[in-house]
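>>> What shape does this take:
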Amino acid sequence: MAKTAFPQVYPYSAAVLRKLLIQKRGLPRHRDAADKRQINYLGDYLTHLGVRTIVAESHYVDHDFLEDFSAYYVRCFRTYERTCQRLHFFRTPFAKRQWDSLLERAGNQLRASDLQREREYVGFVVGRPLPLAVIGRTCLAPPLDARNAAHYPTTREYDVNLCGISLRVETLGFQEQDEFAAKCATAALWSAFQGTAKLFQHAIPSPVEITQHATSISPFGGRAIPNLGLTDEQIGHAIRQVGLEPLLINAFASEVLKATAYAYLRGKIPLLLNIRLEDPVTKGVPEQSHEVAVTGYRLDETVSEPAEKKLTPLVAHRCSCLFVHDDRVGPFAEMGFDVLAKRLTTQWISTDDASRTLVAIPGNLIIPVYHKIRIPFQRIYEEVSHLHELLVEGLWPQDKDHVMAPILRAVEWDIYLTTVNSFKAEVHSSNSIAPQQKRNILQTCLPRFLWRATALSRNKPILDLLFDATDIEQGDLFICAVQADPALATLLRLVATLNLLSSKHRRTSATEILNWFKHNTIATE
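As a prediction, this is how the structure comes out:
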């Protein structure tokens with residue numbers, strides 16, 4: 001006989017949230033859960049979002065936990081429950097009688113449309129019936145940002161049904177590791193797959209399935225379940241199991257981490273970052289290796305020069321922090337850049353001093369990409385760097401006072417992965433592109449995945465380049481210039497026509513771009 005689950009309604013507070021999540025009905029160590037870092041983080045997080053009401057569903061069947069339960073917990077001697085509770089969070093204050101009236105449609109004090117307004121419903125947390133790892137599938141709206149400097153390009157829409165009421169939240173799924181069926185790398189992979197599944201149309205494996213896929217290639221590397229953690233090779237194998245390809249990048253240098261993370265995040269691809277945590281005072285290392293899912297970034301308004309002066313200036317160098325799904329902290333946790341110390345700040349509290357936070361030493365980035373995206377960011381960066389050197393230095397051997405010189409010396413590049421549909425949608429809605437040029441672009445056949453490089457001078461676009469992200473490394477990656485400052489286009493066409501390049505620059509890929517201007521006239525009127 002089906003159980004009747006009457007949702008309960010509570011006024012929100014961090015204390016109420018904690019009480020609801022740690023109700024264990026006699027399970028061991030349940031009191032330890034009250035001091036969990038993740039619960040404290042969620043309490044502050046939901047307060048910041050302005051939550052006023054919690055609606056708690058009991059006897060909720062969660063697919064991911066059910067998979068873990070059937071693979072591990074059901075075989076334990078101790079009896080664990082198979083159903084969870086799901087906590088929903090609203091910014092509107094209401095009481096149980098108003099909720100009941102809404103379900104009965106007996107009054108008009110509270111209507112379904114009130115709960116369906118934008119940002120009114122901020123999401124849910126699934127509470128698992130486990131001793132410590134109580135935070136299951138969690139879908140909460142990203143943090144509010146008054147300066148609009150925070151960007152969360154990897155989020156997607158989640159449809160929720162609560163007692164017949166359709167709700168929606170835009171976010172990226174999160175859950176903490178349970179330390180048995182899933183460790184930190186599995187939790188990070190699960191979050192990353194939440195984004196790539198929508199982007200690249202693949203199934204989303206449960207945490208226990210991710211662990212089983214990852215460990216199937218190394219039978220002597222430890223038990224699959226309980227699992228002791230995943231190596232980079234095992235993470236790569238788990239990525240291949242969903243039909244994607246793993247791309248591994250050494251991201252110890254902050255400029256590499258900023259540029260690479262930004263380029264793929266703008267393409268809506270979540271990344272996995274390996275870090276080593278360290279106490280900045282005692283130099284103690286509580287975690288030799290920890291994996292987080294990178295989900296967003298914050299950009300400063302001012303252009304900051306890269307630490308290495310020889311590097312081509314990028315918009316990505318403005319990144320002041322990354323947002324990560326850290327299963328030991330919570331969703332969209334901030335990790336700031338301490339460039340001088342070559343460290344990332346974290347929200348991990350030191351066990352020696354509660355007023356001190358740990359720092360993170362970045363290691364490898366692992367990027368789950370669609371198999372047709374063959375060209376990595378680094379290759380496009382090199383192509384753009386050759387052109388940047390030409391624009392900034394190579395065009396002015398005699399005329400250093402040319403009207404374009406100061407504009408080009410202030411150039412900053414915005415390089416990121418995109419799709420043909422996203423690009424053409426932006427072109428179609430743009431009012432700054434001439435009608436003839438817009439028509440030509442929209443009717444041109446382009447590959448599905450593109451690298452886009454936009455040159456900005458004083459935050460104004462002066463040159464826009466497209467590269468084929470699906471070509472082979474030895475191919476001619478440059479496709480076309482789709483938008484340019486008329487004076488710059490004329491200058492580049494003149495240089496190419498009169499063959500004014502030095503022998504140094506003739507040997508670079510910049511000549512390919514110049515030749516495009518030589519043979520193509522961009523309509524600007």
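
>>> Pick out the residue nearest the middle of the chain.
The centroid of the chain falls nearest to residue 295 when counting by Cα atoms, centre = their mean (2.0 Å).

>>> Can you give the distance from stretch 437-444 to the centre of its chain?
Chain-centre distance of stretch 437-444: 31 Å, with Cα atoms, centre = their mean, to the nearest Å.

>>> can you pull the buried residues of it?
437-438, 440-441 (16 or more other Cβ atoms under 10 Å). C-betas here are computed from N, CA, C, even on glycine.

>>> Let's see which of these end up in helices.
Those of the buried residues of stretch 437-444 mapping onto helices are 437-438, 440-441, per DSSP state H.

>>> Can you redo those as TSV, where the extra columns are pLDDT?
Listed next are those as TSV, based on pLDDT from 0 to 100:
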residue	pLDDT
437	80
438	85
440	87
441	88
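
>>> what's the most distant pair in the residues you listed?
Comparing every pair within these by Cβ to Cβ identifies 438 and 440 as the most remote, at 7.3 Å.

>>> Show the average pLDDT along stretch 334-344.
The predicted model assigns stretch 334-344 a mean pLDDT of 87.

>>> Regarding that stretch, how distant is the last residue from the first?
Taking Cα to Cα, to the nearest Å, stretch 334-344 runs 9 Å from one end to the other.

>>> Tell me the helices and strands packed up against whichever strand or helix holds residue 89.
Per DSSP states H and E, residue 89 falls inside strand 84-90. With contacts taken as 3 or more Cβ pairs under 8 Å, 6 or more residues apart in numbering; DSSP states H and E, strand 84-90 sits against helix 14-21, strand 53-60, strand 121-127.

>>> who's residue 414 bridged to?
As for beta bridges, residue 414 partners with residue 454 under DSSP bridges.

>>> hmm, back to that, nearest to residue 23 among the ones in helices among the buried residues of stretch 437-444?
Nearest to residue 23, judged by Cβ to Cβ, of those is residue 441 at 57.9 Å.

>>> Would you check how far apart the closest one and residue 455 are?
17 Å (Cβ to Cβ, to the nearest Å).

>>> now swap in residue 343 and tell me
32 Å.

>>> More neighbours: these two, which one.
residue 455 (23 against 20; other Cβ atoms under 10 Å).

>>> and the more buried one, what does it touch?
388, 391, 411-413, 461-465 (Cβ atoms under 8 Å, 6 or more residues apart in numbering).

>>> Buried ones among these?
Buried members of the contacts of residue 455, scored by 16+ other Cβ under 10 Å, are 388, 391, 411-413, 462-465.

>>> Adding pLDDT and distance to residue 176 as columns, could you present these in JSON lines?
Formatted as JSON lines, the buried ones among the contacts of residue 455 follow (pLDDT from 0 to 100; distance: Cβ to Cβ, whole Å):
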{"residue": "388", "pLDDT": "89", "distance to residue 176": "43"}
{"residue": "391", "pLDDT": "81", "distance to residue 176": "48"}
{"residue": "411", "pLDDT": "89", "distance to residue 176": "44"}
{"residue": "412", "pLDDT": "93", "distance to residue 176": "39"}
{"residue": "413", "pLDDT": "95", "distance to residue 176": "38"}
{"residue": "462", "pLDDT": "88", "distance to residue 176": "47"}
{"residue": "463", "pLDDT": "88", "distance to residue 176": "45"}
{"residue": "464", "pLDDT": "90", "distance to residue 176": "42"}
{"residue": "465", "pLDDT": "93", "distance to residue 176": "42"}
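
>>> Narrow the residues you listed to those in strands?
411-413, 462-465 (DSSP state E).

>>> Return the member of these nearest to residue 430.
residue 464 (10.6 Å).

>>> Show me the protein divided up by domain.
Following automatic domain parsing, one finds the domains of the chain at 8-141, 245-370, 377-519.

>>> okay, the ones you listed, which one's buried deepest?
Highest mean neighbour count of those: domain 245-370, a mean of 19 (counted as mean count of other Cβ atoms under 10 Å).

>>> tell me how far that one is from the chain's mean position?
Its chain's average C-alpha position is 12 Å from that of domain 245-370, according to Cα atoms, centre = their mean.

>>> Tell me which helix or strand comes right after the helix or strand of the chain with the lowest mean pLDDT.
In the chain, the helix or strand scored least confidently by mean pLDDT, DSSP states H and E is helix 503-506, which has a mean of 61. Once helix 503-506 ends, the next helix or strand along the chain (criterion: DSSP H and E) is helix 510-519.

>>> Tell me the gap between that next one and the middle of its chain.
How far helix 510-519 lies from its chain's middle: 35 Å, per Cα atoms, centre = their mean.

>>> Can you pull out the residues in contact with that helix?
The contact list for helix 510-519, computed with Cβ under 8 Å, 6+ apart, reads 386-387, 389-390, 394, 465, 476, 478, 480-481, 489, 492-493, 495-497, 501, 505.

>>> What about the residues you listed, which are in helices?
Per DSSP H, the contacts of helix 510-519 map to helices at 386-387, 389, 489, 492-493, 495-497, 505.

>>> Adding distance to residue 59, write these out as JSON lines.
Shown next, in JSON lines, are these (distance: Cβ to Cβ, whole Å):
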{"residue": "386", "distance to residue 59": "62"}
{"residue": "387", "distance to residue 59": "61"}
{"residue": "389", "distance to residue 59": "64"}
{"residue": "489", "distance to residue 59": "65"}
{"residue": "492", "distance to residue 59": "67"}
{"residue": "493", "distance to residue 59": "70"}
{"residue": "495", "distance to residue 59": "72"}
{"residue": "496", "distance to residue 59": "70"}
{"residue": "497", "distance to residue 59": "75"}
{"residue": "505", "distance to residue 59": "69"}
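
>>> So which of those is the closest to residue 301?
Using Cβ to Cβ, residue 387 comes nearest to residue 301 of those, at 25.6 Å.

>>> Relative to residue 380, how far out is the closest one?
Counting by Cβ to Cβ - residue 387 and residue 380 are separated by 11 Å.

>>> One more: residue 404?
From residue 404 across to residue 380, the span is 24 Å (Cβ to Cβ).

>>> Need the pLDDT of residue 26.
Looking at residue 26, its pLDDT reads 45.
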